[in-house]
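Student: Quick one: sequence plus predicted model below, questions after.
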Amino acid sequence: MADSPAPNGNGGATAQPDDMPAINALAQYAKDLSFENPNAPRSLQPQEGQGPQISIQVNVNAQQLAEADFEVELTLEGDAKVNNEVLFAFDLKYAGIFRMRNIPQDQLHPAVMIECPRLLFPFARQIVAEAVRNGGFPPLYIDPIDFVGLYRQKAMEAQAEAGGPLAS
């Protein structure tokens, strides 16, 4: 007995209504990547004592390209040091173009600044890991980032600079 097609004609899968909120990644790309191993080959020798101290900074920027399109740039900068000597340093600017559809205006900024970098992060993390590995070190897998917390921190800093009620 042959299966008959579903009444909607698409094999049983239901299409999303056109008015549902959606974030579509149109493109992803590395804008800038730098890896430095300034003390090679000495930095590649086994080190006595404690492991390296790793420092990582994260930043998110966005710009509107069209009515519903945004470029979101995730910046990851970091280094590893032993006894204040740099083993390696990296700087990655990884970006994507996102189309935001049917997202209420009051939720648009958080969606762009939280959800878009959350979608970019796994790809940026892999690029950093491979760059560090290609530099002669074990791959550096950056821990997951709390983009909600980062967003709130930036909002509080902006409000403090503006002299808002949270300023002390």
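Tutor: Yes, it's here.
Student: Counting by contacts, list what the longest helix along the chain packs against.
Tutor: When secondary structure is assigned using DSSP state H, the longest helix within the chain turns out to be helix 116-134. Packed against helix 116-134, as judged by 3 or more C-beta pairs under 8 Å, 6 or more residues apart in numbering; DSSP states H and E, are the following elements: strand 22-36, strand 69-82, strand 85-101, helix 147-161. Every C-beta, even on glycine, is put in place using the N, C-alpha and C of the backbone.
Student: what's the offset of the host helix or strand of L108 from the middle of its chain?
Tutor: Under the assignment given by DSSP states H and E, the secondary-structure element containing L108 is helix 105-110. The chain centroid and the centroid of helix 105-110 are separated by 18 Å, computed with C-alpha atoms, centre = their mean, to the nearest Å.
Student: So what touches that helix?
Tutor: Helix 105-110 has contacts (C-beta atoms under 8 Å, 6 or more residues apart in numbering) with 100, 151.
Student: Leaving out chain neighbours, which residue sits closest to the residue positioned nearest the centre of the chain?
Tutor: Taking C-alpha atoms, centre = their mean as the criterion, F121 is the residue nearest the geometric centre of the chain, at 3.3 Å. With C-beta to C-beta, 6 or more residues apart in numbering as the measure, I145 is the residue that lies nearest to F121, at 6.0 Å, once sequence neighbours are left out.
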